[in-house]
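K.L.:
With the sequence up front, the predicted model follows.
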Amino acid sequence: GVSADPACIAANSPSGEVKLGNSVQTTGNTNLQLGATINNASQFSLVSPPGGALIAEPVNVEGGLLGLMCPSDIPLVTAICDGLVGSPLNAVTATVEPAGEPSNFSRPAALQLGQPIVTLPVKVHLENPILGPNCYIGTNSNPIVLRPENTTQPALSAAVGDLDGTPNPTGRLVRITGLSTQGDDSFAVPGASGCGLLGVLNAAVNAQQGLPSPAGNNYLILNDATSSVIG
């Protein structure tokens, strides 16, 4: 347009590790897609696609429900724990989901070391028949707020193409990409909510996992992370 140019922002990591309170888990493929406009001051206004900007692969929680909330000094939970040994009901999957709109994207930070690239509010959906459909760590109103940054110097590359994506050294589209390890250890993690009927299992999950967990006690590592800006 006259006062703003369009851009596309994409980031992807095939694997990684996250620590939330007492629990350390591997992460699956994580993908972030955003539209944007850039004004004359090089400031980005972000636009999420329908359904949210972040898509993450579900992962199996190590130890399942037994590891998530057992042992417990709550009699009801102890009875559940006793019945889970060797049961298929023990399996739990965790999926990182959007909990709000991304903000504060910095193109210079995406291409250099040690500066927050974007602010991402997220929540972790814990899925298991006993936990029910609404068990989360973090909520839309009280999310986990990630601010990933490059923890290794990005290897930079560039490509030029036409508006339809065809490579063309004299084309109008330019893609700049950085490849690095990214991470964040500045975020706090709220307690679990919605776990079990009327939230009866929240306390057991929180006690076993050490939630809520203050900033400095948690971390995220994203391996082989690519950050691209096309505009």
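P.N.:
Right, received. Where do you want to start? Numbering: from 1, shown residues only.
K.L.:
Now do the buried residues in stretch 115-123.
P.N.:
Residues of stretch 115-123 classed as buried by neighbour count (16 or more other Cβ atoms under 10 Å): 116-123. In this view, the C-beta of every residue, glycine as well, is placed from N, C-alpha and C.
K.L.:
go on, stretch 134-147?
P.N.:
Residues 135-139, 142-147 are the ones in stretch 134-147 that count as buried (16+ other Cβ under 10 Å).
K.L.:
try stretch 158-169
P.N.:
Per 16+ other Cβ under 10 Å, stretch 158-169 contains these buried residues: 159, 161.
K.L.:
Start at 32, not 1
P.N.:
Yes, from this point I'll number from 32; that puts the last item at stretch 189-200.
K.L.:
Next, the distance between the ends of that stretch.
P.N.:
For stretch 189-200, the first-to-last residue distance is 11 Å (Cα to Cα, to the nearest Å).
K.L.:
Among the buried residues of stretch 146-154, which one lies nearest to E132?
P.N.:
The closest of the buried residues of stretch 146-154 to E132 turns out to be P152 (Cβ to Cβ; 7.6 Å).
K.L.:
so how far is V127 from that closest one?
P.N.:
11 Å (Cβ to Cβ, to the nearest Å).
K.L.:
now do G94
P.N.:
Distance from G94 to V127, by Cβ to Cβ: 19 Å.
K.L.:
So which of those two has more stuff around it?
P.N.:
Per other Cβ atoms under 10 Å, whichever of G94 and V127 has more neighbours is V127, with 25 against 14.
K.L.:
who's in contact with the nearest residue to that one once chain neighbours are set aside?
P.N.:
Excluding its sequence neighbours, the residue lying closest to V127 (Cβ to Cβ, 6 or more residues apart in numbering) is A87, at 4.0 Å. A87 makes contact with 58-62, 126-128 under the criterion Cβ atoms under 8 Å, 6 or more residues apart in numbering.
K.L.:
do A67 as well
P.N.:
The contact partners of A67, by Cβ under 8 Å, 6+ apart, come to 37-40, 75-78, 136, 262.
K.L.:
Let's see which of these end up in strands.
P.N.:
Counting by DSSP state E, the part of those found in strands is 37-40, 75-78.
K.L.:
Of these, which count as buried by neighbour count?
P.N.:
By neighbour count, with 16+ other Cβ under 10 Å, the ones in strands among the contacts of A67 hold 38, 40, 75, 77-78 as buried.
K.L.:
partners of the helix or strand hosting I252 in the sheet?
P.N.:
According to DSSP states H and E, I252 maps onto strand 250-261. Here strand 250-261 has these sheet partners by DSSP bridges: strand 35-44 (antiparallel), strand 46-51 (antiparallel), strand 204-215 (antiparallel).
K.L.:
quick one, which of those is nearest to E158?
P.N.:
strand 46-51 (15.8 Å).
K.L.:
Which pLDDT value goes with the most far-flung residue of the chain relative to its centre?
P.N.:
Computed with Cα atoms, centre = their mean, the residue of the chain farthest from its C-alpha average is T201, at 36.4 Å. Listed pLDDT for T201 reads 87.
K.L.:
check contacts around it.
P.N.:
With Cβ under 8 Å, 6+ apart, T201 has these contacts: V191.
K.L.:
now it: how far from I69?
P.N.:
Distance, T201 to I69, by Cβ to Cβ: 22 Å.
K.L.:
Since that was my last question, I'll sign off now.
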